[in-house]
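>>> Build me a model from this:
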Amino acid sequence: MMKSEKIQKINKISLKQRVKMYAHSPLSFILLLLVAAAAIVTTFAIIYMIGYILVKGVPNLSLDLFSLHYNSENVSLVPALINTVIITFVSLLIACPLGVFTAIYLVEYAKRGSKLVKIVRMTTETLSGIPSIVYGLFGALFFVMTLKLGLSLLSGALTLSIMILPLIMRTTEEALRSVPDSYREGSFGLGAGRLRTVFRIILPSASQGILAGVILAIGRIVGESAALIYTAGTVANVPKDGLLGSGRTLSVHMYVLANEGLHIDKAYATAVVLLAIVIGINALSAFIAKKMSKG
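Numbering: from 1, shown residues only. Reported below is the predicted structural model:
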């Protein structure tokens, strides 16, 4: 029996039958209960969190919150939303090419098992575990002070690009490694070179995995606040100096409102908008991935 047929046969087994199977082994039954409990707790936590934000935030949504200009009366989130879009675009513009092409080199060009590959992978895994506040302090010391960019959207975008670079690299690398070697062998057999094979065969096949990494990176950018406070600043308007001006993103805007204690209701309303944006991004990515898989 083929491996795929065995998996399909296991998937057809009902939950009641699985419980009977695991009952013969106490350890398996305990693990089953732990997995089920973890799934229930996770689902409940997500539902409770979303419900709590909606209950607290939806009644506080108003037209003043979406005014084009921020002031102490309307505490508009539109300038912060514009700043979020700018920082997200610039961060991805820097991190995506570096992350994707580095992953292509590691998978397609570097010798498998070489010391360079091991060092790069260990470095990316280490960078992935560094707290965001450390990235913020690094950005403040290097981009803000050493390079004299000041508190600006550019300093924040450069800091976030370093933060999301390991994520994009690792997801792209895993997506490229998941492409069967038969695709490469078939392309080489037809006379295509390595570069043509990468761009015409490998990247289209791994596009869904790469897109997933980019979406995760966008979610981290949108929800980041600690690193941006030290690099982009907390100015509530769209900077007139462009990327060299200071401005706050939606997450920083929500943090400042809650920290001041004067507009807690508006902070909850901002959380609703932020939640809607994240859900919209995930829905859009799922739609694009579905279209790409059909294509």
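
>>> Was I right to think V214 contacts A95?
No - using C-beta atoms under 8 Å, V214 is not in contact with A95, being 9.1 Å away. To be clear about C-beta, it is placed using only N, CA and C from the backbone, and glycine gets the same treatment.

>>> out of these two, which sits in the more crowded spot?
Per other C-beta atoms under 10 Å, whichever of V214 and A95 has more neighbours is A95, with 25 against 21.

>>> In terms of helices and strands, where is the more buried one?
helix 78-104 (DSSP states H and E).

>>> now that helix, how far from the centre of its chain.
Helix 78-104 sits 11 Å away from the centroid of its parent chain (C-alpha atoms, centre = their mean, to the nearest Å).

>>> again, but for stretch 201-213
Centroid displacement of stretch 201-213 relative to its chain, using C-alpha atoms, centre = their mean, is 16 Å.

>>> hey, C-alpha coordinates of that stretch in CSV?
C-alpha atoms of stretch 201-213 as CSV (Å, rounded to 0.1, in the frame of the first residue of the first chain):
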residue,chain,number,x,y,z
ILE,A,201,10.3,26.2,-12.5
ILE,A,202,11.4,26.5,-8.8
LEU,A,203,10.1,29.9,-7.8
PRO,A,204,6.6,29.4,-9.3
SER,A,205,6.3,26.0,-7.6
ALA,A,206,7.4,27.5,-4.2
SER,A,207,5.3,30.7,-4.6
GLN,A,208,2.7,29.7,-2.0
GLY,A,209,5.3,29.1,0.7
ILE,A,210,7.1,32.3,-0.1
LEU,A,211,3.8,34.2,-0.1
ALA,A,212,3.0,32.7,3.4
GLY,A,213,6.3,34.0,4.7
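
>>> Identify all contacting residues around that stretch.
99-100, 104, 108, 167-168, 170-172, 174-176, 178-179, 183-184, 187, 192, 285, 288-289, 292-293 (C-beta atoms under 8 Å, 6 or more residues apart in numbering).
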